[in-house]
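Participant: quick one, fold the following:
(2 chains)
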Amino acid sequence: MSRGARRNRATAGLLALGVGFGLAAVTAAGAAAQSLAPVELSETDLYGMGARAMGMGTAYDAISEDATAIFFNPAGLAQIRQPELSGGLGYDRFGHETDHTRLTTWHDDLTRVDHVALAYPVPTYRGSLVLAIGFHRLADLNQAFRKSGFLIDATASSPGLYEIENYGRTGMVNAWTGAVGYDLSPHISVGASVSYLTGSSSQSSLVGNYRATVSGSDYTLDLGSPSNPDDRLFEQRNELEADLDGVTGSFAILGYLDSGFRLSGVVDLPSKLTYQGSSRFRLEDWEKIDSNLDSGQPDFFTDKITMPFTLRGGVSWGRNGLLLAGGLRWTDYSQIDFEGPINIPGTAESAYRSVVAVNLGAEYQLPSLPLRFRGGFFTEPIPYKLIAADTDFQFVPDDNDPNTSNDISKVYRDYPRADITSDQKFLTLGTGVLIENQLSLDLAYLHGWWERRTPSGYENGTTYYPTYTTVEKVTRDRFFLSTTLHFE
Amino acid sequence: MKPSSQLAFRVPALVGVTALLAGCYTMFSHPETDMADSFRDSRHSDCATCHRVGFETPLAPDPYGYVAFPFQNFYTPCPWWVDCGSGGFIGGAAAGGGSGDTEAAKRRSSVERYLGIRGGTRPDSQPSSPPAAAPAGTSTGDSSSNPGAASGTKEDQGGQQSGRTMKKDSSKPDARDDRKPDPNRRQR
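Facilitator: The predicted model follows:
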């Protein structure tokens, strides 16, 4: 069969895409029995809520004395004594550096509504009962990965091999939450929340190895042709759009000690997510093009993901205007169920690990001015054990039967264990002002970073080019602006 | 069944059982009792007579450090359904200043807010039960008249009767201008 488009034969190629940074794309064509790439789910990337909490390093579980308690600790709602409306914006600047054959950098930024929440204390004779509803961003799905450069240098006498990879994902998991806080005793409040999850995910990827031919002071890239074949060359594109819905909830407790301590415990129930969407694919080699991207019907898919339980514990202490808080959050991400476990290729071991996040924060109120300042630090360990490393390609000749799909070429990728040289952590700063004793305005800034690389001794599985070390560095700068209004 | 699934059932069950064992602390209105019915008149509009304990000594001063700070009204406010008077606190002590912002005023504010806003008292300071009937004549009809009589007399509570009343009660004939803290409430 001559080189040309062959529609609707995307299944194997789509699965073989194996971009480690995406998610549902790799199972979009689901039924095929090829090995799935151990996808890295950005659903694990919690977004946070409210400038006060974020400025305190998210160490807010044991404070939770405003409407953001619907996310941090619903039991804390029981502390609210006036109807309260809270809202906020978030600005996120994302920076990604990939050092493979050379350093490639990428930045993106986005401004979004962080949350809107309303709390209503029910009049009581004794104790407290507070109801709340709200909308907030539960998880940030934005991801990016870019790299390009010469896998094999080009010379005037010999063409080189040039790689390009662009992957981007945008989207959010939004939570529409109803919550209740209730005084169980003078010193104990309990709470619960249930959240309906909505959102969308949009992914686009391009990965290819091109022939680079020196042309004067520049070079040209191509994918070969029947008259000039090269089995190393390919270009694969993938587009995916999906909507999601799901449900989750939490149970919480908050204890009050006369010494000024508050102690908290929260159980976040598993998040059940269902993605429904469509994907399109295009794989080109020197001989043929398999595609439903340019025309034809997309592949429709439904993927179900279950994120595991999370257990949280925290403590806070306040005196003389100083408020200190800390907490731990444990999640065993190895229990992620993405149409089954996500395992390291060739093993029964999960590609995810159990992590414990630590958060610490402090806030100081000026005694004479309605101002307060805060700072914090928290860790968000990367739950993914692996790193997407070098790609490989298997050229499969056309069998000249338009009704078969087993002659689609295959793209592979190595997934060695990552050497996490700097796990994800954030430093936070914040300030707040009180206006007319009824309106609080808060601002927070977060700076986060992490770094990982392919392990020493890693050898790729391709014969087309030597092994390269992959180093990923990510920085995140986030601003939160929130306001809280009390109604008398 | 996977451990996570087991936990999904056990955690809510545990919380529910705990709630049942703890009883119903939070109440939307005063429980209907013979004593309450007997003393529901204009002289007994607040709780201080029946519920004496907790009015004489502070249980703890401002446990979270908001006293005398500008944000104290924001995070430890008067419940919206309670008339707390000026300043939002029992006794009208405004936050963070004013001519009455003496150490004594701060302390009084802290104590009164602790007692009057947040629900409940410490376990060792629960209201005596059952409350005794008020001796005749102890209610003077002044600003500290109370229903029912309690384990303490009027004189026992003197000087501490600057609490609050339920706004809902303000429409009742027995509503009064002076306010007393609900002894079953305390501020966190």
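Participant: list the buried residues for stretch A:194-204?
Facilitator: Going by neighbour count (16 or more other C-beta atoms under 10 Å in any protein chain shown), the buried part of stretch A:194-204 is A:Val194, A:Ser195, A:Leu197, A:Thr198, A:Gly199, A:Ser200, A:Ser201, A:Gln203, A:Ser204. Every residue, glycine included, has its C-beta placed from N, CA and C.
Participant: give the pairing partners of the longest strand seen in chain A; include direction for each.
Facilitator: Scanning chain A for the longest strand, with DSSP state E as the assignment, gives strand A:188-215. Sheet pairing of strand A:188-215 (DSSP bridges) gives strand A:160-185 (antiparallel), strand A:218-222 (antiparallel), strand A:234-256 (antiparallel).
Participant: give me the element A:Ile70 is part of.
Facilitator: Per DSSP states H and E: A:Ile70 is located in helix A:69-72.
Participant: show me where chain A has helices.
Facilitator: For chain A, the helices defined by DSSP state H cover A:11-17, A:51-55, A:69-72.
Participant: least reliable of the ones you listed going by mean pLDDT?
Facilitator: Note on those: helix A:11-17 shows the lowest mean pLDDT, a mean of 34.
Participant: shaky segments in the chain?
Facilitator: All of this is about chain A. Low-confidence segments of chain A (pLDDT under 70): A:1-36.
Participant: hmm, no, I was thinking of chain B.
Facilitator: In chain B (pLDDT under 70), the answer is B:1-9, B:11-12, B:15-23, B:34-68, B:76-77, B:83-188.
Participant: what's the burial count for A:Asp218?
Facilitator: 8 (other C-beta atoms under 10 Å in any protein chain shown).
Participant: same question, A:Gly340
Facilitator: 10.
Participant: likewise for A:Gln297?
Facilitator: Other residues close to A:Gln297 by other C-beta under 10 Å number 10.
Participant: measure it to A:Ala242 for me?
Facilitator: Distance, A:Gln297 to A:Ala242, using C-beta to C-beta, to the nearest Å: 16 Å.
Participant: A:Thr44 now?
Facilitator: 17 Å.
Participant: next one: A:Arg329
Facilitator: Distance, A:Arg329 to A:Ala242, by C-beta to C-beta: 27 Å.
Participant: next: A:Pro466.
Facilitator: 37 Å.
Participant: okay, the two: which has more neighbours?
Facilitator: Applying other C-beta under 10 Å to A:Pro466 and A:Ala242 shows that A:Ala242 carries more neighbours, namely 23 against 12.
Participant: what does the stretch 251-400 of chain A have sitting close to chain B?
Facilitator: A:251, A:253, A:256-260, A:262, A:267, A:269-270, A:308-309, A:318-323, A:335, A:365-372 (C-beta under 8 Å from any C-beta of the partner chain).
Participant: touching, A:Ala362 and A:Arg372? I think so.
Facilitator: No: applying C-beta atoms under 8 Å as the test, A:Ala362 and A:Arg372 come out as separate, 10.5 Å apart.
Participant: circling back to that earlier point, how far does the longest strand of chain A sit from its chain's centre?
Facilitator: Counting by C-alpha atoms, centre = their mean, to the nearest Å, strand A:188-215 is centred 6 Å from the centre of its parent chain.
Participant: repeat for stretch A:220-228
Facilitator: 37 Å.
Participant: same thing with stretch A:383-397?
Facilitator: With C-alpha atoms, centre = their mean, you get 20 Å for stretch A:383-397.
Participant: same question for stretch A:273-284.
Facilitator: Centre to centre, stretch against its chain (C-alpha atoms, centre = their mean), the figure for stretch A:273-284 is 18 Å.
Participant: which of the residues in it are buried?
Facilitator: A:Leu273, A:Thr274, A:Tyr275, A:Gly277, A:Ser279, A:Arg280, A:Phe281, A:Arg282, A:Leu283, A:Glu284.
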